[in-house]
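1. Take this sequence and fold it.
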Amino acid sequence: MTKFDEATRAIRIDDTTYDVCLDDGYSMGGPLNGGYLMATVLRAVTDASPHPHPVSTSAQFLRVARPGPAQVVLDQLKSGRTAAMTRARLVRDGETSVEMLVTTATLDGSAAPDWSDGPSADMPGLDGCVRLPDPKAASAMNFSARMEMLFDPPTIGWLTGEPTGRPESRAYFRLAEPQDPDPFVLAMAVDALPPVVFSAGARGWAPTVELTWHLRALPAPGWLTLIGGGRLISDGWFDEEVEVWDSAGRLVAQSRQLARLGRG
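-> Model prediction:
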């Protein structure tokens, strides 16, 4: 199993170009997970930036990305003392699969919040949560094997034909390998939950069209808590919002995505 840092490695070719190798271990029955793709592109963006932390990322998923060699092409839009802005494209065989606009900054890992709200939903302890059963298709196991996730039982009632009727998904998350979370792991975490529409009764592949996420703080070691929900399912589209809380009880990431309703 390729380690996460290696699977997301970006090798500098020149000031605007990085070589990457998209790893099949992060695929889900063929397509690669969007969070993994964002993490890979962000390796290149942060390497080229004077600031190490991707505080705001907006990604447009133009077409399915599949494993193999690819390039990240950068366009530096602004570089300042407190923030830098970069447009980045993930390109393979001359086609762009993901286009991202990224703001980088330098966060203080010891900073305490001036004010913080709490999680939008309560979670049981780790011992009150459960794992998903292994997927029936071996090709669907690649991505799930790269992480450990323990789910709040009501939010996976769709597995037994008992969805809650609301778009929601909640779980504890960490990499399967022994690695503490960092901003690149958070990029994958915000897109790691099963689509929230499953809990509303929908099934099938639900491709992300656009995803924006914010890095709010540098995470403490340990499990991350993912709390996902949605506000509207309509006309073949749905939204999904995810909060990520670290083991110290701090909000470390937030995301919102717009996706197509799957067909099961």
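
2. residues near the nearest residue to residue 67 once chain neighbours are set aside, how many?
-> Distances taken as Cβ to Cβ, 6 or more residues apart in numbering place residue 24 nearest to residue 67, at 4.0 Å, with adjacent residues excluded. The way it works is simple: take the backbone N, C-alpha and C, and place the C-beta from them, glycine included. Using other Cβ atoms under 10 Å, residue 24 has 16 other residues around it.

3. from now on call the first residue 96
-> Fine by me, first position is 96 from now on; the one you just mentioned is residue 119.

4. wait, doesn't residue 119 sit right on residue 128?
-> No - counting by Cβ atoms under 8 Å, residue 119 stays clear of residue 128, with 11.3 Å between them.

5. doesn't residue 133 fall inside a helix?
-> Yes - under DSSP: H, G, I helix; E, B strand; the rest coil, residue 133 sits within a helix.

6. May I have the residues that are in contact with the closest residue to it other than its chain neighbours?
-> The shortest distance from residue 133 to any non-neighbouring residue, by Cβ to Cβ, 6+ apart, is to residue 282 (4.4 Å). Shown in contact with residue 282 (Cβ atoms under 8 Å, 6 or more residues apart in numbering): 130, 133, 134, 137, 149, 152, 308.

7. what helix or strand does residue 282 sit in?
-> In the assignment (DSSP states H and E), residue 282 maps to helix 278-284.

8. Pull the contacting residues for the residue nearest to residue 341 when sequence neighbours are not counted.
-> Sequence neighbours aside, residue 314 is the residue nearest to residue 341 in space, at 4.1 Å (criterion: Cβ to Cβ, 6+ apart). Applying Cβ under 8 Å, 6+ apart, we find residue 314 in contact with 275, 276, 277, 280, 281, 339, 341, 342, 345, 347, 348.

9. you'd agree residue 314 is in a helix?
-> No - assignment of residue 314 by three-state DSSP gives coil, placing it outside any helix.

10. And it, how far from residue 221?
-> Residue 314 is 17 Å from residue 221, where distance means Cβ to Cβ, to the nearest Å.

11. Repeat that for residue 200.
-> Distance, residue 200 to residue 221, using Cβ to Cβ: 33 Å.

12. out of the two, which sits in the busier spot?
-> Taking other Cβ under 10 Å, residue 200 and residue 221 do not tie; residue 200 has more neighbours (18 against 10).

13. Bridging across strands, which residues link to the more buried one?
-> When bridges are called by DSSP bridges, residue 200 pairs up with residue 148.

14. what sits against it?
-> Contacts here follow Cβ under 8 Å, 6+ apart; on that basis residue 200 touches 146, 148, 150, 177, 178, 179.

15. correct me, but the second one touches residue 140?
-> No - at 10.6 Å, residue 148 and residue 140 do not qualify as touching, with contact defined as Cβ under 8 Å.

16. Now for those two: what residues contact both?
-> Common neighbours of residue 148 and residue 140 (Cβ under 8 Å, 6+ apart) are residue 199.

17. Let me see the mean pLDDT of stretch 159-170.
-> Stretch 159-170 shows a mean pLDDT of 96.

18. Name the residues that touch it?
-> Residues contacting stretch 159-170 (Cβ under 8 Å, 6+ apart): 105, 108, 110-119, 122, 125-127, 132, 135-136, 139-140, 143, 181-187, 192-193, 302.

19. can we see that at 7 Å?
-> The contact list for stretch 159-170 (Cβ atoms under 7 Å, 6 or more residues apart in numbering) reads 105, 111-119, 122, 125-127, 132, 136, 139-140, 143, 181-187, 192-193.

20. more neighbours, residue 148 and residue 140?
-> Legend: neighbour count by other Cβ under 10 Å for residue 148 and residue 140, higher for residue 140 (27 against 18).
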